[in-house]
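K.L.:
Sequence and predicted structure below; questions after.
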Amino acid sequence: MNTSPISTWEGAEAYFTFASNSVGLMICLLAAVAIVGVLIVTMFRHEQHSFQRTIALYPQYMKQEEEKQVEKEVAPMVMEENMA
């Protein structure tokens, strides 16, 4: 059962599976795009879920972060007052 159009591999630089059939190439491309799209959406949903769960489990960390933000906003004003 010799169905290959190539009788010898001497001098062959590249062999494209779907070279004469653009439908096969488009199917592979669409499958790859779909897989990457599903992967990105799944990762985004997982990160959102994990972040919400962390906030629910450790609310004290959120309070600490809010206090740090307030300190960062207040600190430059205090320094400017001391220099005047």
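P.N.:
Looks like it arrived, so ask away. The shown structure was predicted, so the numbers you read here are calculated from the model rather than taken from an experiment.
K.L.:
Check the spacing between Pro5 and Val23 real quick.
P.N.:
Distance, Pro5 to Val23, by CB to CB, to the nearest Å: 18 Å. All C-beta spots, glycine's among them, are computed from the backbone N, C-alpha and C.
K.L.:
err, Thr3, not the other one
P.N.:
Distance from Thr3 to Val23, by CB to CB: 19 Å.
K.L.:
what about the two, which has more around it?
P.N.:
Val23 (8 against 4; other CB atoms under 10 Å).
K.L.:
Checking Thr3 next. Helix, strand or coil?
P.N.:
Judged by DSSP: H, G, I helix; E, B strand; the rest coil, the three-state class of Thr3 is coil.
K.L.:
which secondary structure elements does the helix or strand encompassing Met26 contact?
P.N.:
Element membership of Met26, judged by DSSP states H and E, is helix 22-57. When contacts are defined as 3 or more CB pairs under 8 Å, 6 or more residues apart in numbering; DSSP states H and E, helix 22-57 packs onto helix 59-83.
K.L.:
What ranges in this structure fall below the confidence cut-off?
P.N.:
Within the chain, the ranges that satisfy pLDDT under 70 run 1-2, 6, 15-19, 71-84.
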